[in-house]
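# A predicted structure for the sequence below; I have some questions about it.
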Amino acid sequence: MTQLGENWLARLAWFAVVLLTAIALGAPADAAKVLRRGNGAEPKSLDPHHVSGDPENQILGDLFVGLYTEDAAGHPILGAAESATTATDGLSWTFKIRDHKWSDGTPVTAHDFVYAYRRILNPATAAEYANILYPIKNAEKINKGELPIEKLGVRAVDAKTLVIELENPAPYLPEMLTHYTAYPLPQHVLEKFKDEWTKAGNMVSNGPYMLAERRQNDHIKMVKNSYFYDAANVKIDEVWFYPTSDGNAALKMYRADELDTLDRWPLTEHKWLFANIPNETRKYTGLRVLYTVINMRAAPLNDRRVRLALALAIDTEAIQRQVFFSQHGLPAFSVLPPGTANVDMSAHVPWKDISMDDRRAQARQLLQQAGFGPEKPLKLTYNYINSGSDPKRQSVAMQAMWKQIGVDVDIVAKEFAVHYDLLKTANFQLANAGWIYDYNDAQSQLFLFESTTDQLNYPGYKSAAFDDLMRKAGIEADATARGKLLGEAAGLLLNDVAVAPTFFQYIRPLVKSYVLNWTENPRGVNRTRWLDIGDKPGPQQNVAGTGGGVSASEGGFWGWLGSWFSPGAWQKWWNS
């Protein structure tokens with residue numbers, strides 16, 4: 001054999017070894033796909049009947065599916081039910097439960113739904129979010145202890161057939177049943193472990209993932225559920241949820257590649273983010289509203305003049321421009337965000353078209369009429385969520401705005417869970433709060449302010465006129481007439497100044513370029529089962545941005561491998 005042939009064989013053998021080694025090390029076929037999600041606050045619980053927040057929603061929606069669940073765009077699709085039929089009068093829905101199992105292999109049946117709905121509405125459970133299910137027949141009376149639990153309008157005809165009866169037609173029912181309050185629960189597990197049923201090793205679920213590990217204030221690890229009915233199409237093997245209440249610290253984790261997604265980027269970093277990783281920095285409108293809650297249960301805040309004065313002084317447009325760099329959301333003059341379905345949207349706050357100078361003058365006059373002035377200043381406390389610099393800067397701005405009308409306000413920061421516990425127990429005067437729609441219907445927002453709503457009626461608003469409008473809307477079959485009644489209810493709420501709307505908040509996630517199938521939607525729901533992870537960029541593809549940021553771009557192992565097959569690379573290698 002010639003020297004040329006020996007060299008050719010040696011080089012070919014060397015290349016084969018390098019190629020096979022690179023493939024084995026760079027892209028193993030059985031490598032687990034792991035998604036790390038920054039999820040805001042630490043979840044209060046993993047029991048669907050003892051939570052009411054969005055951080056819990058994001059986690060529970062990966063563990064469970066209700067009769068309906070969400071598609072990749074947040075729209076309702078059939079989940080645990082394979083079919084649904086509605087009676088002609090809209091008062092009865094019949095569901096056929098699909099063949100599927102809990103993550104321990106036990107079949108999911110209609111009885112699991114009956115058990116769950118009875119549990120959440122049982123007064124002994126003290127579920128803070130039970131009233132979302134009040135459209136179900138007798139649900140409200142049962143939750144108030146006026147009827148026995150057996151009278152609930154939910155029954156299992158057999159293991160595969162569930163019937164839900166309603167008080168009134170509810171066209172929004174499919175969206176409502178995607179909510180975690182409507183998930184089935186594994187009765188056999190709850191009866192065995194009782195209050196310990198949500199611990200890793202005890203908990204079972206019927207969704208795409210199951211709980212593997214939870215370390216309080218550190219992470220929640222979930223792994224793919226092999227018993228999930230659509231497991232073959234779930235691409236990601238593990239999902240880790242991290243509490244990221246401090247936005248600036250969370251951004252550092254994201255830039256260090258410790259997170260693949262982050263629920264909300266800090267507003268103070270908007271310039272760097274849009275300059276360096278614009279394709280990862282998302283911002284879009286959502287069905288969510290923020291407001292200042294006024295505890296109107298006691299003096300002096302039970303006086304509308306005082307509440308109106310406080311609301312008049314808040315210059316949301318100035319806060320949006322000067323404090324939030326026009327990145328936070330749209331200034332809100334209603335409690336119904338743009339895009340809300342099935343409602344007359346014409347109602348707005350009384351001060352919408354008044355200049356700030358006139359608003360401040362009117363506020364001082366109202367306070368004087370209520371008995372407050374320079375010699376007797378109104379003194380209050382305002383609570384806000386301690387989640388980084390953005391809420392603090394807003395609170396300081398509002399404190400200064402109230403000072404301009406002669407009101408002294410102390411601002412107090414609280415952790416997310418503590419903050420909302422204070423609101424639910426009415427232990428506050430003024431506070432920031434917000435609501436993310438559970439389904440796209442004005443009912444999803446306005447029910448919070450009905451007299452029958454307990455813990456979630458933060459201001460303690462009670463109005464017979466408002467309740468009557470909501471009752472009439474509940475029984476109105478004509479969609480246009482119903483929307484008009486709901487619009488009138490919203491107008492009454494705004495005129496009574498139980499809350500002062502501030503912003504229709506943008507949804508602002510960070511999403512790495514290799515996280516695939518992330519669909520922007522107004523509900524802000526992106527279930528992990530629909531996502532995938534593509535090729536991650538290698539070190540040579542990372543670009544240092546201004547200020548030391550890191551921007552992901554296309555590349556990674558397969559980009560490197562492809563470069564070997566360019567003519568220039570082959571010639572350089574051969575001539576070596």
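Right, received. Where do you want to start?
# what's the burial count for residue 468?
Residue 468 has 13 neighbours, counted by other C-beta atoms under 10 Å. Using the backbone N, CA and C atoms, a C-beta is placed for each residue, glycine as well.
# you'd agree it is in a strand?
No. Counting by DSSP: H, G, I helix; E, B strand; the rest coil, residue 468 falls outside a strand, being helix.
# can you tell me how far it sits from residue 475?
Distance of residue 468 to residue 475, given as C-beta to C-beta, to the nearest Å: 11 Å.
# can you pull the contacts of the residue nearest to residue 153 when sequence neighbours are not counted?
The shortest distance from residue 153 to any non-neighbouring residue, by C-beta to C-beta, 6 or more residues apart in numbering, is to residue 137 (2.8 Å). Counting by C-beta atoms under 8 Å, 6 or more residues apart in numbering, residue 137 touches 91, 152-153, 165-167.
# Widest-spaced pair of these?
Farthest-apart pair in the contacts of residue 137 is 91 and 152; separation 14.6 Å (C-beta to C-beta).
# more neighbours, the two?
Set residue 91 next to residue 152 and count neighbours by other C-beta under 10 Å: residue 152 wins out with 23 against 16.
# Test my guess that that one contacts residue 140.
No. Using C-beta atoms under 8 Å, residue 152 is not in contact with residue 140, being 10.6 Å away.
# Which residues are in contact with each of these two?
Shared contacts of residue 152 and residue 140, defined by C-beta under 8 Å, 6+ apart, are absent.
# mind giving me the domain split of this structure?
The chain breaks down into these domains under automatic domain parsing: 44-212, 231-284+509-563, 288-507.
# In TSV, list the ones you listed along with distance to residue 218 and mean pLDDT.
As requested, the domains of the chain are exported to TSV (distance: least, C-beta to C-beta, whole Å; pLDDT from 0 to 100):
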stretch	distance to residue 218	mean pLDDT
domain 44-212	13	97
domain 231-284+509-563	8	83
domain 288-507	15	96
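# Output these in a markdown table, with distance to residue 38 appended to each entry.
Conversion of those to a markdown table gives the following (distance: least, C-beta to C-beta, whole Å):
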| stretch | distance to residue 38 |
| --- | --- |
| domain 44-212 | 10 |
| domain 231-284+509-563 | 4 |
| domain 288-507 | 12 |
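# can you tell me which of these comes nearest to residue 224?
Of all those, domain 231-284+509-563 comes closest under C-beta to C-beta, at 5.2 Å.
# Off-centre distance for that closest one?
With C-alpha atoms, centre = their mean, to the nearest Å as the basis, domain 231-284+509-563 stands 18 Å off its chain's centre.
# swap in stretch 348-364?
On C-alpha atoms, centre = their mean, the centre of stretch 348-364 falls 33 Å from that of its chain.
# Of all the residues in it, which ones are buried?
348-349, 351, 356, 359-360, 362-364 (16 or more other C-beta atoms under 10 Å).
# now swap in stretch 320-330 and tell me
Under 16+ other C-beta under 10 Å, the buried positions of stretch 320-330 are 320, 323-324, 327-330.
# how close does residue 528 sit to residue 109?
Using C-beta to C-beta, residue 528 is found at 26 Å from residue 109.
# So the two - more neighbours on which side?
residue 528 (24 against 20).
# I'd say residue 96 and residue 81 touch.
Yes. With contact defined as C-beta under 8 Å, residue 96 and residue 81 form a contacting pair (6.2 Å).
# of those two, who's got more company?
Per other C-beta under 10 Å, whichever of residue 96 and residue 81 has more neighbours is residue 81, with 23 against 16.
# Kindly state the beta-bridge partners for that one.
Per DSSP bridges, the residues bridged to residue 81 are residue 97.
# How about the contacts made by it?
Contacts of residue 81 (C-beta under 8 Å, 6+ apart): 67-68, 95-98, 162.
# of those residues, buried ones?
67-68, 95-98, 162.
# Dump the residues you listed into JSON lines; add distance to residue 342 as well.
JSON lines is the format used below for the buried ones among the contacts of residue 81 (distance: C-beta to C-beta, whole Å):
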{"residue": "67", "distance to residue 342": "21"}
{"residue": "68", "distance to residue 342": "18"}
{"residue": "95", "distance to residue 342": "23"}
{"residue": "96", "distance to residue 342": "28"}
{"residue": "97", "distance to residue 342": "29"}
{"residue": "98", "distance to residue 342": "29"}
{"residue": "162", "distance to residue 342": "26"}
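# looking at the domains of the chain, which is closest to residue 34?
domain 231-284+509-563 (4.5 Å).
# Strands of the stretch 251-400 of the chain, start to end?
For the stretch 251-400 of the chain, the strands defined by DSSP state E, counting those that start in this stretch cover 261-262, 284-285, 288-294, 329-331, 378-385.
# Given the first one, what are its sheet partners and their directions?
Translated: strand 261-262. Using DSSP bridges, the strands paired with strand 261-262 in its sheet are strand 34-38 (parallel), strand 510-511 (antiparallel).
# The fourth one now?
Within its sheet, and counting by DSSP bridges, strand 329-331 is paired with strand 499-507 (antiparallel).
# Repeat that for the last one.
Sheet neighbours of strand 378-385, with direction, are listed as strand 407-414 (parallel), strand 430-436 (parallel) (DSSP bridges).
# Can you give the contact residues for that strand?
292, 300-301, 306, 310, 367, 372, 391-392, 394-395, 398-399, 402, 406-416, 419, 422-423, 428-432.
# What subset of those is buried?
Counted by 16+ other C-beta under 10 Å, the contacts of strand 378-385 give 292, 300-301, 306, 310, 367, 372, 391, 394-395, 398, 402, 406-407, 409, 411-412, 414, 416, 419, 422-423, 428-432 as buried.
# and of the strands of the stretch 251-400 of the chain, who's closest to residue 438?
Here strand 288-294 is closest among these (C-beta to C-beta), at 10.9 Å.
# Does that closest one pack against any helices or strands, and if so which?
Applying 3 or more C-beta pairs under 8 Å, 6 or more residues apart in numbering; DSSP states H and E, we find strand 288-294 packed against helix 304-312, strand 430-436, strand 499-507.
# what's the offset of the second one from the middle of its chain?
When C-alpha coordinates are averaged (C-alpha atoms, centre = their mean), strand 430-436 and its chain have centres 14 Å apart.
# swap in stretch 411-427?
With C-alpha atoms, centre = their mean, you get 19 Å for stretch 411-427.
# And for stretch 57-69?
12 Å.
# Look at the nearest residue to residue 451 once chain neighbours are set aside and say how many residues are nearby.
Spatial nearest neighbour of residue 451, excluding adjacent residues (C-beta to C-beta, 6+ apart): residue 462 at 4.5 Å. Look at residue 462: counted by other C-beta under 10 Å, it has 16 neighbours.
# Specify the local secondary structure of residue 462.
Under three-state DSSP, residue 462 comes out as coil.
# Against residue 510, how distant is it?
Distance from residue 462 to residue 510, by C-beta to C-beta: 41 Å.
# Equivalent analysis for residue 139, please.
Here residue 139 is placed at a distance of 39 Å from residue 510 (C-beta to C-beta).
# cool, and residue 126?
Distance, residue 126 to residue 510, by C-beta to C-beta: 37 Å.
# and these two? which has more neighbours close in?
residue 510 (22 against 11).
# can you map out the helices along the stretch 201-350 of the chain?
With DSSP state H, counting those that start in this stretch as the criterion, the stretch 201-350 of the chain has helices at 247-255, 270-276, 304-312, 316-318.
# Tell me which of the ones you listed is the most buried.
With neighbours taken as mean count of other C-beta atoms under 10 Å, these reach their highest mean count in helix 304-312, at a mean of 23.
# counting contacts, what elements does that one pack onto?
By 3+ C-beta pairs under 8 Å, 6+ apart, helix 304-312 packs against strand 288-294, helix 356-369, strand 499-507.
# Okay then, goodbye and thanks.
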